[in-house]
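Visitor: Take a look and give me a structure for this.
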Amino acid sequence: MINRVSTASQYQNLTSNLMRKQGELNQTNGQLSSGKRVETAGDDPVSSVTIQNYRQQLTQIDQYNGAITLANNRLQTMETAIAGVEDNLGATKQKVLGMINGAMASSDRTAFKDELISLRDGLLELANSRDEAGNYVFAGNQSDTKPFMESTDGSMDYHGDSQSRYAQIDKSVNVKTSLPGDQLFTDVPNSYGDFRPVFSDKTTTAGGLTDGSKLHLLSATTSDFSSVKAIEVSFNEVDVAAADGTTIKEMQYNLTVGGKVVAANQAYDSEQGIVYKDPAVADSATLNLKFGDISSGDNISLKPAQTINIFDSIQSAIDNAERPTSSPAAEANLQRVIDDLDSGFVHMNQQRSEVGTIMQQVDRQQEQHLDFELTLKQAQSGLEDLDYSKAIMDMNQQMMALQASQQAFGQTKQLSLFNYI
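Guide: Numbers count the residues shown, from 1 in each chain. Predicted structure coming up:
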């Protein structure tokens, strides 16, 4: 049996075949021009899903890298500011050491005072440093608030908070990008321990340091700071009988805690210092006090303080700058400022080291992102990018097939029974 094929049906089949081959050729040309094997989900549905996942991960890495750039900028600004604070404290210490020189004229001490005021103002500028976005570096989360401002009495008040800002540099990695100003400038560890000395000159009506005294506090600690009270210690050198019957000089002390005399006329051991524990209270706190260069008649007060405000220390140096060189309290206060500045320098160095550690962590995280980004791009390229040599061969074959179909279509289109009648 002979099947009949209509001319219209044959024409339609040939046309569809030409269009299909033309489409294949156009697709290959498009791939060659874009360099991509998979441009739409229809090109390769399975690979397209994986490629989209890669793109999402790469976008996330770009976001983390942006956060890392911002974190590095803030950390570098903070590290630079802290380095400036270290230099400032070092210069201030040199000025105070010069002021302790008793041979200085009053005009010299006035000049030193002016320089100390300038250094204090410079320290204030560093404490109020801003980052590239205009945010205050040492204000905690109150980045729009100026952290340190001078009050009417010359003290520096902190107006920020005690929090740190953070940046997310990976899915589960957050790093500090700021340090609160109180942590840096007002919570400097007290170099003496748990108490801070208060010096005054001895008068006919009040105790203090005797003329020519060089008394200074070495350390003052307690085993329980929660129960601490103000302390007062006085020293007197007396004659006592030795075991061999001779008379020797002995330095004795009186200890007052919270306004109550708890030890009187006790021998002072320069090696051990003063160790006191209330015998009437079980498990009471133990006081350990050590002093140097004691003179008979000296009296010193100790107030509880585990931290110091570095601005207050510098202000103390300014306040004592023009006091008479004959004042033992003035010299003792200046020596206390030097101890405070030493503690402040060590504290700032530790804070700077913390910033450096964070910067190293950020750098390591950035390297990990770069490595992972390269891996993702290579995997994405393997699925998405075009194999040019294969695509060119396919195009040549498709062009040949299209040309053959076009020729066949042309010949078939001319067939008609009228040609044979």
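Visitor: hey, where'd the helices end up in the stretch 101-250 of the chain?
Guide: Assigned by DSSP state H, counting those that start in this stretch, the helices in the stretch 101-250 of the chain fall at 106-127, 181.
Visitor: Ranking these by mean neighbour count, which comes first?
Guide: helix 181 (a mean of 26; mean count of other C-beta atoms under 10 Å). Where C-beta positions appear, they are placed from N, C-alpha and C, glycine not excepted.
Visitor: got the contact list for it?
Guide: Outside of helix 181, the residues within contact range by C-beta atoms under 8 Å, 6 or more residues apart in numbering are A127, F138, A139, G140, P147, F148, Y158, G160.
Visitor: Tell me how many other residues crowd the third one.
Guide: Using other C-beta atoms under 10 Å as the criterion, A139 is surrounded by 27 other residues.
Visitor: And it, how far from P180?
Guide: Using C-beta to C-beta, to the nearest Å, one gets 8 Å for the distance from A139 to P180.
Visitor: Could you list the low-pLDDT ranges of this structure?
Guide: Counting by pLDDT under 70, the ranges of the chain that qualify are 1-49, 51, 102-106, 380-421.
Visitor: what's the distance between the most centrally placed residue in it and N236?
Guide: By C-alpha atoms, centre = their mean, the chain has its centre lying nearest to V355, at 4.1 Å. Remark: distance between V355 and N236 (C-beta to C-beta) = 50 Å.
Visitor: Strands along the stretch 301-421 of the chain, start to end?
Guide: Per DSSP state E, counting those that start in this stretch, the stretch 301-421 of the chain carries strands over the ranges 307-308.
Visitor: what about the closest residue to D342 other than its chain neighbours, neighbour count?
Guide: Taking C-beta to C-beta, 6 or more residues apart in numbering as the measure, D342 lies nearest to S191, with 6.4 Å between them; neighbours along the chain are not counted. Other residues near S191 come to 20 when the count uses other C-beta under 10 Å.
Visitor: do the same with G207
Guide: By other C-beta under 10 Å, 16 other residues sit near G207.
Visitor: same deal with I338?
Guide: Other residues near I338 number 19, with proximity taken as other C-beta under 10 Å.
Visitor: quick thing: my sequence starts at 44, can you match it?
Guide: Done: numbering now begins at 44, and the last item shifts to I381.
Visitor: Quick one: residues contacting V405.
Guide: Applying C-beta under 8 Å, 6+ apart to V405 gives the contacts I111, A114, N115, L118, I212, V218.
Visitor: ok, now Q393?
Guide: With contacts defined as C-beta under 8 Å, 6+ apart, Q393 has no neighbours.
Visitor: chain center to the longest helix along the chain: distance?
Guide: Ranked by number of residues, the top helix in the chain under DSSP state H is helix 371-427. Centre-to-centre, helix 371-427 and its host chain are 6 Å apart (C-alpha atoms, centre = their mean, to the nearest Å).
Visitor: Over to stretch 367-375?
Guide: In terms of C-alpha atoms, centre = their mean, the gap separating the centre of stretch 367-375 from the centre of its chain is 39 Å.
Visitor: Identify each buried residue in that stretch, please.
Guide: Neighbour-count burial for stretch 367-375, with 16 or more other C-beta atoms under 10 Å as criterion, is recorded at S370, P371, A372, A373, E374, A375.
Visitor: on that earlier part again, columns distance to A134 and neighbour count on top of the contacts of V405, output as TSV?
Guide: Listed next are these as TSV, based on distance: C-beta to C-beta, whole Å; neighbours: other C-beta atoms under 10 Å:
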residue	distance to A134	neighbour count
I111	35	20
A114	31	25
N115	29	18
L118	25	24
I212	36	25
V218	32	21
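Visitor: Redo these as JSON lines? Include distance to T135.
Guide: Listed next are those as JSON lines, based on distance: C-beta to C-beta, whole Å:
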{"residue": "I111", "distance to T135": "36"}
{"residue": "A114", "distance to T135": "31"}
{"residue": "N115", "distance to T135": "30"}
{"residue": "L118", "distance to T135": "26"}
{"residue": "I212", "distance to T135": "36"}
{"residue": "V218", "distance to T135": "32"}
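Visitor: from these, which single one is nearest A154?
Guide: Ranking the contacts of V405 by separation from A154, with C-beta to C-beta as the measure, puts L118 on top at 38.0 Å.
Visitor: that's a strand at that closest one, yeah?
Guide: No - judged by DSSP: H, G, I helix; E, B strand; the rest coil, L118 forms no part of a strand; its state is helix.
Visitor: So it is in contact with I401, correct?
Guide: Yes - applying C-beta atoms under 8 Å, one finds L118 in contact with I401, separated by 6.0 Å.
Visitor: just to revisit the earlier point, counting only strands, which of the contacts of V405 make the cut?
Guide: Among the contacts of V405, the residues falling in strands (DSSP state E) are I212, V218.
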